[in-house]
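S.K.: A predicted structure for the sequence below; I have some questions about it.
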Amino acid sequence: MAELKIKPLADRIVVQAMEAEETTKGGIILPDTAKEKPVEGTIVAAGPGKVTDEGKKIELEVKVGDKVLYGKYSGTEVTVDGEEYLIMRESDVFAIVK
């Protein structure tokens, strides 16, 4: 993977969403309009952490390469070099998938 041309600030992360399911478990092919928005993705960039009002830096709990679960409507969609990403705050992440 080439170097990402986005550098998130503070407690923001850049997530590459997993592809939406093309078929149901029963084998029915889904049209684009029926596909669920993905809620799982991989972190491809992370900011340095949040700075408190007192000037103390709080490190992020997530890191680049973590597979995470996030809210269905979390983040802001951006396209860089033809790839789609989500930029969101670390607090929008529900869990790290092991």
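M.R.: Right, received. Where do you want to start?

S.K.: Can you pull out the low-pLDDT segments for the chain?
M.R.: Judged by pLDDT under 70, the chain has its weakly predicted residues at 1-2, 20-25, 27-38.

S.K.: Repeat the analysis, applying 90 as the threshold.
M.R.: 1-5, 18-39, 72-73, 98 (pLDDT under 90).

S.K.: for the residue nearest to the spatial centre of the chain, what are its contacts?
M.R.: In the chain, the centroid-proximal residue (Cα atoms, centre = their mean) is Val15; its distance is 2.5 Å. Shown in contact with Val15 (Cβ atoms under 8 Å, 6 or more residues apart in numbering): Gly41, Thr42, Ile43, Val44, Val68, Tyr70, Gly75, Tyr85, Leu86, Ile87, Met88. (C-beta placed from N, C-alpha, C; glycine too.)

S.K.: Gly47 too?
M.R.: Gly47 makes contact with Lys7, Pro8, Leu9, Ala10, Asp11, Arg12, Ile13, Leu60, according to Cβ under 8 Å, 6+ apart.
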